[in-house]
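Chemist: pasting a predicted model and its sequence here:
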Amino acid sequence: MRDAWVTLLLLAAFAGRLGAQEDELGIAVGATPPAVTVQDLDGKPVDLGRYVGRKPVLLEFWATWCPICKALLPRIEAAHRRHGDKVEFLVVAVAVNESRSSVQRHLVSHPMPFTFLWDAGGAAVRAFQAPSTSFVVVLDASGKVVYTGVGEDQDVEGAVSRAVTGRVGQGRAP
């Protein structure tokens with residue numbers, strides 16, 4: 001488990017330099033993610049399945065200390081302003097080098113309009129094969145992965161628009 005977290009940290013450090021990826025990183029486009037339970041920021045269990053299959057979902061694997069996540073934030077906020085009524089925006093805070101309370105403190109001083117979840121044991125990281133923080137997965141209304149990307153230069157708006165309109169075949173970040 002420790003090796004997976006070290007890999008996650010190393011990839012996060014390089015993701016900002018690489019920008020959006022076309023590599024086969026993370027869960028495959030077209031896949032349906034497995035069932036996974038994480039926690040809310042109060043420590044209560046949350047089945048991600050309660051969000052999947054109703055409307056499109058954007059998940060970002062995120063950390064308070066991630067500069068790439070901070071750089072990506074305006075793109076995700078813009079997509080949220082445009083599609084927030086049609087898409088569920090979830091942020092999965094990874095339990096690497098921080099605690100649930102550090103995430104809560106961060107959100108008090110830096111509020112964001114998304115649902116925040118806590119991946120204490122790395123279940124979501126494993127289920128979505130998240131290679132780093134700033135990893136974004138967009139699911140369509142049926143629960144299939146229609147986009148994955150990593151880095152600050154992702155076309156979040158395009159990915160979310162495709163999920164909302166049902167256009168497929170656009171796949172990973174260019």
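Modeler: Perfect, thanks for sending it. Numbering: from 1, shown residues only.
Chemist: show me where pLDDT drops low in the chain?
Modeler: Low-confidence segments of the chain, defined by pLDDT under 70: 1-24, 168-174.
Chemist: identify the residue nearest the geometric centre of it.
Modeler: residue 60 (1.5 Å; C-alpha atoms, centre = their mean).
Chemist: do I have it right that that residue meets residue 70?
Modeler: No. Residue 60 is beyond contact range of residue 70, at 11.6 Å (criterion: C-beta atoms under 8 Å). Placement of C-beta: from N, CA and C, glycine included.
Chemist: all strands for this protein, in order.
Modeler: Along the chain, counting by DSSP state E, strands occupy 37-40, 45-47, 57-62, 88-94, 115-119, 135-139, 145-149.
Chemist: identify whichever of the ones you listed lies nearest to residue 29.
Modeler: strand 145-149 (5.3 Å; C-beta to C-beta).
Chemist: one step back: just put the strands of the chain in a markdown table and tack on distance to residue 100.
Modeler: What follows is those, written out as a markdown table (distance: least, C-beta to C-beta, whole Å):
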| stretch | distance to residue 100 |
| --- | --- |
| strand 37-40 | 7 |
| strand 45-47 | 13 |
| strand 57-62 | 13 |
| strand 88-94 | 8 |
| strand 115-119 | 5 |
| strand 135-139 | 20 |
| strand 145-149 | 26 |
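Chemist: pick the most buried one from those strands.
Modeler: Mean neighbour count (mean count of other C-beta atoms under 10 Å) peaks for strand 135-139 among these, with a mean of 28.
Chemist: what angle do it and strand 145-149 make?
Modeler: When axes from the mean of the first three to the mean of the last three C-alpha atoms, to 10 degrees is applied, the directions of strand 135-139 and strand 145-149 differ by 170 degrees.
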